[in-house]
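K.L.:
Next input, structure requested:
(one chain, ligands or ions: 1)
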Amino acid sequence: MKPELHIIDHPLVQHKLTLMRCKETSTKSFRQLVQEVSTLLAYEVTRDMPMQTIEIETPLERMQSRVIDGKKVVLASILRAGNGFLDGMLNVLPSARVGHIGLYRDPNTLQAVEYYFKMPQGMEERDVIVLDPMLATGNSAVAAVDRLKQTNPRSLRFVCLVACPEGVKRFHDSHPDVPIYTPAVDRGLNEHGYIVPGLGDAGDRIFGTR
Ligand code: URA
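P.N.:
Numbers count the residues shown, from 1 in each chain. Take a look at the predicted model:
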């Protein structure tokens, strides 16, 4: 299986990401931008979702028309920065279920440690979109998908704002079956495990905690 890496290079996404990268961008603007970008990313990541044809009735006649197949999509947010994607994605997926995965990065080993996991019922029939703004070392993303696979979802997709070659490799070495959707693959990681040039700490920038 050839791992899929989808670069979302739509001008609107790239423009907004540039604004988010600027260090002068305020928390208010960053939050607004992440919401707008998330809506656009949701549009791209759902492009190949399976569909089914149902029979409906317009005011004029009956017709066959298509809807997304299966149980409601799950947005699986890796806490806490993944939550930044939720409002924007729920704009276009208003019935999606929302799951949470709590992982923290051990500052010494940079390994992901799980402290919370809650998903909806019936995962076997659901398509899961895993959310984490930064694919840095890849440790959290890999751990989250390892854990999600135990619930046997119908499909998994991973979405971030910024990735780096190390994170993409680590992720696809472990999960070659899970496509990555990202607007950017940056140069690499610095000695603290941050993506460079990146946009800083996504959680701090979304929640204004720095
Ligand atoms: N997490 C972040 O928020 N930013 C990075 O650059 C890497 C990990």
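
K.L.:
Would stretch 193-210 count as contacting the ligand?
P.N.:
Yes. Applying CB under 6 Å from any ligand atom, one finds that stretch 193-210 is in contact with the ligand at 194-195, 198, 201-203. The C-beta positions use only the backbone N, C-alpha and C, and glycine is treated the same way.

K.L.:
and if you look at stretch 94-113?
P.N.:
No. Using CB under 6 Å from any ligand atom, stretch 94-113 stays clear of the ligand, coming no nearer than 7.6 Å.

K.L.:
And for stretch 151-165?
P.N.:
No. If you take CB under 6 Å from any ligand atom as the test, stretch 151-165 misses the ligand, and the best it gets is 7.1 Å.

K.L.:
Secondary structure of residue 55: a strand, I assume?
P.N.:
Yes. Counting by DSSP: H, G, I helix; E, B strand; the rest coil, residue 55 is part of a strand.

K.L.:
Report the contact partners of it.
P.N.:
If a contact means CB atoms under 8 Å, 6 or more residues apart in numbering, then residue 55 has 62-65 as its contacts.

K.L.:
strands paired with the longest strand seen in the chain, and their directions?
P.N.:
In the chain, assigned by DSSP state E, the strand with the most residues is strand 97-105. Paired neighbours of strand 97-105 in the sheet (DSSP bridges): strand 74-79 (parallel), strand 112-118 (antiparallel).

K.L.:
Would you mind finding the most buried of those strands?
P.N.:
strand 74-79 (a mean of 24; mean count of other CB atoms under 10 Å).

K.L.:
Quick one: distance of the helix or strand just after it to the chain centre.
P.N.:
Per DSSP states H and E, the first helix or strand lying C-terminal to strand 74-79 is helix 86-92. On the basis of CA atoms, centre = their mean, to the nearest Å, helix 86-92 sits 12 Å off its chain's mean C-alpha point.

K.L.:
Nearest spatial neighbour of residue 115, chain-adjacent residues omitted?
P.N.:
What sits nearest to residue 115 in space, not counting adjacent residues and going by CB to CB, 6 or more residues apart in numbering, is residue 102, at 4.4 Å.

K.L.:
right, and the one you found touches residue 140 too?
P.N.:
No. The pair residue 102 / residue 140 is not scored as a contact, 10.2 Å apart, by CB atoms under 8 Å.

K.L.:
quick revisit: can you list which of the residues of stretch 193-210 next to the ligand are found in helices?
P.N.:
202-203 (DSSP state H).

K.L.:
top of the residues of stretch 193-210 next to the ligand by neighbour count?
P.N.:
Highest neighbour count within the residues of stretch 193-210 next to the ligand, by other CB atoms under 10 Å: residue 195, with 27 neighbours.

K.L.:
What residues does that residue make contact with?
P.N.:
134-136, 162-164, 167, 186, 188-189.

K.L.:
Pull up the gap between it and residue 137, please.
P.N.:
Taking CB to CB, to the nearest Å as the measure, residue 195 falls 10 Å from residue 137.
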